[in-house]
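3D, please:
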Amino acid sequence: MSTQTVRSSFRSGGVSVDAPAEIWHLSPDTGTECASYRGQTMTRFCIHGIFRSGTNFTRGVLEMNYVCRAEYDSFGWKHSPFPILSAGSRLALPDIPSLFVTRNPFYALSALFTYAERNKRNIRSAADDGMTAFLSAPIVIFDGGAEVSPELYFETPVALWNGLNWNYLSTVGKLPGRVHMRYEDLVARPEETAARVAEALGLERKPGAFEVPQNRMRNLGSNMHNVRKFQTDKAFDLSKTLFSSYGALFSEEDRALVLNGANRDLVERAGYAEFMDRVARGDVPETA
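Numbering: from 1, shown residues only. Alright, predicted model coming up:
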């Protein structure tokens, strides 16, 4: 087995790894590159979630505190659904654990709305016409970085929340190493939530105090693993994770569209039933 410390870039992919404790080596079994941390091979896992579900923050917390490498492309785009493979298919899902990150429907759709307003690279929607139009019209998502990317069409953004999260959570319990995590839990109780996820994924803790990103995360690419470069210089505003902040984007009509459109079975399975019931009663909850 050959080993080397990489300080600038690795292969043409440009993986930047500055930390001397991290060593890249060539696997004798597969001939592919993998990473080690102080002699320990890093556990690989994949993160999935709809747009603006918190995948970058989740990856930051886990890679900063555990001996692991988070990936975004175990079978394709991190925002796309799991494919359905027949029993006799020549294809097979990669044997890599997967973590599914969700936000409650209001939090997720508020973030998706503000993202769609300013970013036309991956989304076509009615966001430019306001929240009510956005929630009432079709939405199309695709990988703007790939010219040959297929597109996913949904009748409404609420249907997107239903369809993709239903797909993700339907694999939990059916396939090994499939774990669901609420983003709200990671923000409110980062160390406790990360420990639960790490135990389920088989991640080993790095030594030292638990670290939580204090600044906003960069848009991390699959090959970016230098934890010291994960954050921007803009502070992470915790107040924006509260319903009193993002809930202000929704009129009464908008709230009804979300409450009536979100699939109840999925809401319960994802752990948001009590939160949604409180919104319906007008009892404003701060978090889910």
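
tell me which stretches of the chain form strands.
In the chain, the segments counted as strands under DSSP state E are 3-5, 22-26, 33-37, 40-41, 43-48, 66-71, 98-102, 123-124, 139-142, 151-154, 178-182, 204-205, 215-217, 231-235.

same question for the first one, mean pLDDT?
Meaning strand 3-5. On average, the pLDDT along strand 3-5 is 30.

please apply the same query to the second one.
Taken as a whole, strand 22-26 has a mean pLDDT of 34.

what about the most centrally placed residue in the chain, distance to Pro190?
Most central in the chain under Cα atoms, centre = their mean is Thr55, positioned 2.6 Å from the mean C-alpha point. Thr55 sits at a distance of 15 Å from Pro190 (criterion: Cβ to Cβ, to the nearest Å). C-betas here are computed from N, CA, C, even on glycine.

next one: His48
20 Å.

show the model's pLDDT score for Arg182.
97.

that one against Gly271, yeah?
Yes - in terms of Cβ atoms under 8 Å, Arg182 counts as a neighbour of Gly271; the distance is 5.8 Å.

what is in contact with the two at once?
Residues touching both Arg182 and Gly271 (Cβ atoms under 8 Å, 6 or more residues apart in numbering) are Ala288.

pick out whichever of those two has more residues nearby.
Each of Arg182 and Gly271 has its neighbours counted (other Cβ atoms under 10 Å); Arg182 has more, 23 against 16.

which residues does the more buried one bridge with?
When bridges are called by DSSP bridges, Arg182 pairs up with Thr102.

the closest residue to Gly76 other than its chain neighbours and Arg44, how far apart?
The shortest distance from Gly76 to any non-neighbouring residue, by Cβ to Cβ, 6 or more residues apart in numbering, is to Pro83 (7.6 Å). For Pro83, the distance to Arg44 (Cβ to Cβ) stands at 20 Å.
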